[in-house]
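Asker: fold the following for me, if possible:
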Amino acid sequence: MRYLMTGKQAAEIDRFTIEEIGVPQLVLMERASLAVAEEVTALVDDRKKDRILVVAESGNNGGDGVAAARILHQRGYRVEIWALNGINRRSEAYEKQVDLAGKAGVPFVTIGSSPEQTAEKDTGISPEDQQNNSGYRVIMDAIFGVGLTREVKGVQRDAVEWINRQREEYGAEVLAVDIPTGISSDNGDVLGTAVHADRTVTFGFEKVGMRFAKESCGKVSVKEIGFFLPAGSAGNGRGMEEAPSKKEDSERAGGRELYYTYEKEDIRTLLPVRSMDGNKGSFGRVLVIAGSKDISGAAYLVAEAAYRMGCGLVKVVTHESNRTALQKLLPEALLQCYDDTEKNAEGLGEAILWASAIIIGPGIGRTETARNMLEKVLREAVCPVVADADAVNLLAEHTELLTPGKRQLILTPHMLEMTRLTEKTFHPERNALERLRKERIRIVRETAERYQATVVLKDACTVVADAGASGIYFNSSGCDAMAKGGSGDVLTGVIAALIAQGMTVAGAARLGVYLHGLAGEKAAELLGSYSVLAGDLIRMLPETFR
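Answerer: Numbering: from 1, shown residues only. This next block holds a predicted model:
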């Protein structure tokens, strides 16, 4: 398990390490700069020929960049510093690093207006270099770090746009220090404009906003530089069977919310144990209520995913028109069909009692029949219920059905479904989807508490929140190849199968999301990012376990 930090949490750890433990700020800065310098050297082919530029503002993030430039210069690399000086007050650490870099002989240029105009000054750049951009092999972004909360303007904005042009038009490699300038460390928002980095070197912990700004951050490397954590803060412990309990959450976070993700090493300890003496009844029974007269694929994908995830028995309740297709595609599944004359879901009662976990929603539509089935399940079920797709849309229209009952509830909306579910409560004004992007952490947490549910908000970085728990899970697996219809159906089957095999509802949601993403990565390795289908995710589950 790996913990993530917001900008405020990172600043508090930095302050605690310096002021209360007594580690000098310049020691931390030197360690950070050494880590950055090592990352830069991996990008340079010829230290005597390839040019390196550090673009720095006069805060502590700029100090890291200036120190890295000094280290590279002393190692024989061709490095220069452009100092923006666009803010009124220089930090003491930055001033010290500028002094050290000057004594070491690092070429230094102060930017007074725009980077293009400065490039024409006497900086040692040859006329040939100026014709072929500014001649830089690597450009280091050390303008603003994780503390930025305002919009990037003025000379800093000009510098960001210039850096991006060098990358896009001339192929310069861009490396960001701690976080790309202009990216919010709390939610990944672009604050006016932002650097598009190929790599980001961050310190101590990955920042929450990086999970939502993958395109801007590029490849992220987390470097340990010697931070001390205040009592009650989360560490970077691994191998925990579950996320911290509610009591442990409170103790470890000291009243602050925990943010975390899984790593591959966690899977072995998190997966349900398979009994050598078990039978098909030992590994759970999943009831799948999916599909409609015109949709059969959703029921098949959900059911097969549940079986591949280790569930012992799967029963599919679907429209009669899907019988032949499902019997052919998945003969292992038990089948119960209804026709258009059954409007009140009379035949569901026995199946509901049979199940260890219930899935409802994929492909069922938003008809009266679908609503009646959903109401019956939520009213009568005593086992956990996973509400997905059309079930979420129906719940957005009939929020009275969300009254807590005997069953535990998992909601698995994608972003648009989440806006339908929450817009009346949390953001009734226009641009509900944009508000959700900016405030998804708050909205997911409050939705989970409001409906006493586990909420799985599906996106490029899926977020999982559980009612009553202070921690929020941010998924770190998956790729763009998974952006295809049916992927969410597979995820729903995976989560329900884990529940049926004995995992807690929240634990199954988190692990299901992570395994689903790993299967997507493996499918992309085999088929490429354009050609992956939802069924390929199911076929990659066995390889993921191995």
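Asker: give me the residue at the spatial middle of the protein.
Answerer: The residue lying closest to the centre of the chain (CA atoms, centre = their mean) is residue 461, at 3.1 Å.
Asker: hang on, that residue packs against residue 477?
Answerer: No: with the criterion set as CB atoms under 8 Å, residue 461 and residue 477 do not qualify as a contacting pair; they are 10.0 Å apart. Where you see a C-beta, it was placed from the backbone N, CA and C, and this is true even at glycine.
Asker: buried residues in stretch 41-48?
Answerer: Using 16 or more other CB atoms under 10 Å as the test for burial, stretch 41-48 gives 43-44.
Asker: can you give me the end-to-end span of it?
Answerer: End-to-end distance of stretch 41-48 (CA to CA, to the nearest Å): 12 Å.
Asker: that one: how far from the chain's middle?
Answerer: 32 Å (CA atoms, centre = their mean, to the nearest Å).
Asker: so for it, mean pLDDT?
Answerer: Predicted confidence along stretch 41-48 averages 92 (mean pLDDT).
Asker: residues contacting that stretch, please?
Answerer: Stretch 41-48 is contacted by residues 50, 52, 72, 75-78, 137-138, 173, 175, 199 when judged by CB atoms under 8 Å, 6 or more residues apart in numbering.
Asker: could you save those residues as CSV and add columns showing distance to residue 280?
Answerer: As requested, these are exported to CSV (distance: CB to CB, whole Å):
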residue, distance to residue 280
50, 62
52, 62
72, 62
75, 63
76, 67
77, 63
78, 67
137, 60
138, 58
173, 54
175, 53
199, 49
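Asker: are any of those residues buried, and if so which?
Answerer: 50, 52, 72, 77-78, 137-138, 173, 175, 199.
Asker: what sits up against stretch 520-535?
Answerer: 301, 304, 477-482, 484-487, 489-490, 536-537, 539-540, 543-544.
Asker: what subset of these is buried?
Answerer: Using 16+ other CB under 10 Å as the burial test, these include 301, 304, 477-479, 481-482, 484, 486-487, 489-490, 536-537, 540, 544 as buried.
Asker: where's residue 146 relative to residue 61, distance?
Answerer: Counting by CB to CB, to the nearest Å, the gap between residue 146 and residue 61 amounts to 8 Å.
Asker: shared neighbours of these two, which are they?
Answerer: Common neighbours of residue 146 and residue 61 (criterion: CB under 8 Å, 6+ apart): residue 178.
Asker: follow-up on the earlier one: would TSV of the contacts of stretch 41-48 with distance to residue 415 and secondary structure be doable?
Answerer: As requested, the contacts of stretch 41-48 are exported to TSV (distance: CB to CB, whole Å; DSSP: H, G, I helix; E, B strand; the rest coil):
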residue	distance to residue 415	secondary structure
50	42	coil
52	40	strand
72	42	helix
75	46	coil
76	49	coil
77	44	coil
78	46	strand
137	39	strand
138	36	strand
173	32	strand
175	31	strand
199	28	strand
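Asker: so which pair among those is furthest apart in space?
Answerer: Comparing all pairs in the contacts of stretch 41-48 by CB to CB, the longest separation belongs to 76 and 199, at 21.7 Å.
Asker: average pLDDT for the longest helix along the chain?
Answerer: If you go by DSSP state H, the chain has its longest helix at helix 505-527. For helix 505-527, the mean pLDDT works out to 98.
Asker: which is the succeeding secondary structure element to that helix?
Answerer: Where DSSP states H and E defines the elements, the next helix or strand beyond helix 505-527 is helix 534-545.
Asker: what about the helices in the stretch 351-500 of the chain?
Answerer: Along the stretch 351-500 of the chain, the segments classed as helices by DSSP state H, counting those that start in this stretch run 368-380, 390-397, 415-426, 432-438, 440-451, 487-500.
Asker: where in the stretch 51-200 of the chain is pLDDT low?
Answerer: Per-residue confidence for the stretch 51-200 of the chain (pLDDT under 70) gives these ranges: 112-134.
Asker: where exactly do the helices run in it?
Answerer: Under the criterion DSSP H, counting those that start in this stretch, the stretch 51-200 of the chain carries helices at the ranges 60-74, 92-104, 115-119, 127-131, 154-170.
Asker: ok, which of these comes nearest residue 207?
Answerer: Nearest of the helices of the stretch 51-200 of the chain (CB to CB): helix 60-74, 12.7 Å.
Asker: contact partners of the closest one?
Answerer: 25, 29-30, 32-34, 36-37, 40-41, 52, 54-56, 79-81, 83-84, 91, 93-94, 96-98, 100-101, 104-106, 140-145, 177-178.
Asker: so where's the stretch 201-350 of the chain shaky on pLDDT?
Answerer: Looking at the stretch 201-350 of the chain by pLDDT under 70, you get 232-256, 342-345.
Asker: give me the neighbour count for residue 505.
Answerer: Neighbouring residues of residue 505 were enumerated by other CB atoms under 10 Å; the total is 21.
Asker: that one contacts residue 412, correct?
Answerer: No: Residue 505 sits out of contact with residue 412 when judged by CB under 8 Å, with a separation of 11.7 Å.
Asker: thinking again about what came up before, of the helices of the stretch 51-200 of the chain, which is nearest residue 229?
Answerer: Residue 229 sits nearest to helix 60-74 of all the helices of the stretch 51-200 of the chain, at 19.4 Å, using CB to CB.
Asker: mind listing what's buried along that closest one?
Answerer: Along helix 60-74, the positions that meet the burial threshold by neighbour count (16+ other CB under 10 Å) are 60-73.
Asker: what does stretch 11-29 give?
Answerer: Those buried within stretch 11-29 under the rule 16+ other CB under 10 Å are 12-14, 16-18, 23, 25-26, 28-29.
Asker: including distance to residue 380 and pLDDT, could those go into CSV?
Answerer: CSV is the format used below for the buried residues of stretch 11-29 (distance: CB to CB, whole Å; pLDDT from 0 to 100):
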residue, distance to residue 380, pLDDT
12, 48, 93
13, 49, 94
14, 53, 95
16, 52, 95
17, 55, 96
18, 58, 96
23, 59, 97
25, 61, 96
26, 65, 96
28, 58, 97
29, 62, 97
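Asker: secondary structure for these - can I get that in TSV?
Answerer: Converted to TSV, these look like this (DSSP: H, G, I helix; E, B strand; the rest coil):
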residue	secondary structure
12	helix
13	helix
14	helix
16	helix
17	helix
18	helix
23	coil
25	helix
26	helix
28	helix
29	helix
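Asker: of those residues, closest to residue 371?
Answerer: residue 12 (48.2 Å).
Asker: shouldn't the closest one be in contact with residue 229?
Answerer: No: the pair residue 12 and residue 229 fails to qualify as a contact (CB under 8 Å) at a distance of 9.6 Å.
Asker: for the stretch 401-546 of the chain, give me the ranges with low pLDDT.
Answerer: Per-residue confidence for the stretch 401-546 of the chain (pLDDT under 70) gives these ranges: 425-430.
Asker: report the separation between residue 182 and residue 374.
Answerer: Noted for residue 182: a distance of 43 Å to residue 374, by CB to CB.
Asker: ditto for residue 535
Answerer: From residue 535 over to residue 374 the distance is 26 Å, taken as CB to CB.
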